[in-house]
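Engineer: 3D, please:
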Amino acid sequence: MISQEQFDKEIDLIISNAIREDVGDGDHSSLACIPDTAQGKAKLLVKDEGVIAGVDFALKVFAYVDANLKVEVLINDGEKVKHGDIVLYVTGSSLSILKAERLVLNAMQRMSAIATKTASYVTLLKGTSTKILDTRKTTPGIRAIEKWAVKIGGGENHRFALYDMIMLKDNHIDFAGGVSQAIQQTKEYLKANNKDLKIIVEARDLKEIEEIIQFDGIHRILIDNFNYEDTKKAVALIGNKAGTESSGGINEETLRKYAECGVQYISSGALTHSVYNLDLSLKAVD
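Structural biologist: Reported below is the predicted structural model:
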């Protein structure tokens, strides 16, 4: 993953772009009927069950919109919530609260859905040594908050993007002319460009694994779309030569069985691409 400093910059970009997209030259609905001196208070209300995520993100949004807004947090990121819970109160300029409202809700609803799904996968893996990873199958433009939500839910982040890790997948291997050619060319590229990036290589069968483990310096082998028996064979074959990761359509029904094959990681695009937003709302209070 990228550095914390770079991650924070991604978050700042998401906020500034989202406010630009939503507010434009002004929130005219609010400006038309609410005095600019008006002060108000609102509560963030939970209308669902799950794991809350995005509270710290919301604090950044409120601060970006208006540094004078005051936020009282009652429930923190990663905590379980139920219908009727109040996550936070925000007090200050009514216009500022309304300007921030939609971005806070859109982000927190999606982040909470991702954290909730991730937490359910983590629970299914309890008792094994396998950890759950996210993927690059994220919503364009808001990858940082979706990966943040995975962490809040108890999962781990895979690479952030194309630039912070090497992952040689089936198309790379085929275009390069084979597994060995792809790995050798990658090592030469990294050396020539003075880059220190971890290398993950996808294997489609046991024969490819045998080829991959002939090379030193492979960070992890992606055991892709293997059945349970072949996954066990792959783990035994790899031994301590590289890390192991299973992927390929793994769901709630099959997750634990793959973990019991002995893989260190299981990656799942479903954590971020197949979730239903948690129902939250921001309501004015007296």
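Engineer: Hmm, R204 is touching N225, no?
Structural biologist: Yes - the pair R204 and N225 passes the contact test of Cβ atoms under 8 Å, sitting 7.2 Å apart. All C-beta spots, glycine's among them, are computed from the backbone N, C-alpha and C.
Engineer: residue contacts, F160?
Structural biologist: Residues near F160 by Cβ atoms under 8 Å, 6 or more residues apart in numbering: 1-2, 7, 143-144, 147.
Engineer: hang on, isn't F62 packed against V90?
Structural biologist: Yes - using Cβ under 8 Å, F62 makes contact with V90 at a distance of 6.0 Å.
Engineer: what is in contact with these two at once?
Structural biologist: 69, 71, 100.
Engineer: how about the last one, what does it touch?
Structural biologist: Think A100. Contacts of A100 by Cβ under 8 Å, 6+ apart are 61-62, 64-66, 69, 90.
Engineer: mind listing what's buried in stretch 227-247?
Structural biologist: Residues of stretch 227-247 classed as buried by neighbour count (16 or more other Cβ atoms under 10 Å): 230-235, 237-238, 242-247.
Engineer: for T135, helix, strand, or coil?
Structural biologist: The assignment at T135 comes out as coil when based on DSSP: H, G, I helix; E, B strand; the rest coil.
Engineer: separation between it and L45?
Structural biologist: 32 Å (Cβ to Cβ, to the nearest Å).
Engineer: mind listing the strands for the protein?
Structural biologist: Per DSSP state E, the chain carries strands over the ranges 39-46, 50-51, 70-73, 80-81, 86-93, 131-133, 166-168, 199-203, 220-224, 243-247, 265-267, 280-285.
Engineer: Tabulate those (CSV), appending mean pLDDT and distance to E210.
Structural biologist: As requested, these are exported to CSV (pLDDT from 0 to 100; distance: least, Cβ to Cβ, whole Å):
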stretch, mean pLDDT, distance to E210
strand 39-46, 98, 52
strand 50-51, 98, 41
strand 70-73, 98, 53
strand 80-81, 98, 45
strand 86-93, 98, 52
strand 131-133, 98, 24
strand 166-168, 98, 16
strand 199-203, 98, 9
strand 220-224, 97, 11
strand 243-247, 97, 15
strand 265-267, 98, 21
strand 280-285, 98, 50
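Engineer: Of all these, which one comes closest to G24?
Structural biologist: For the strands of the chain, proximity to G24 was assessed by Cβ to Cβ; strand 86-93 is nearest, at 18.6 Å.
Engineer: Now do the longest helix anywhere in the chain against strand 39-46, angle only.
Structural biologist: As assigned by DSSP state H, the longest helix anywhere in the chain is helix 94-124. Orientation check (axes from the mean of the first three to the mean of the last three Cα atoms, to 10 degrees): helix 94-124 against strand 39-46 gives 20 degrees.
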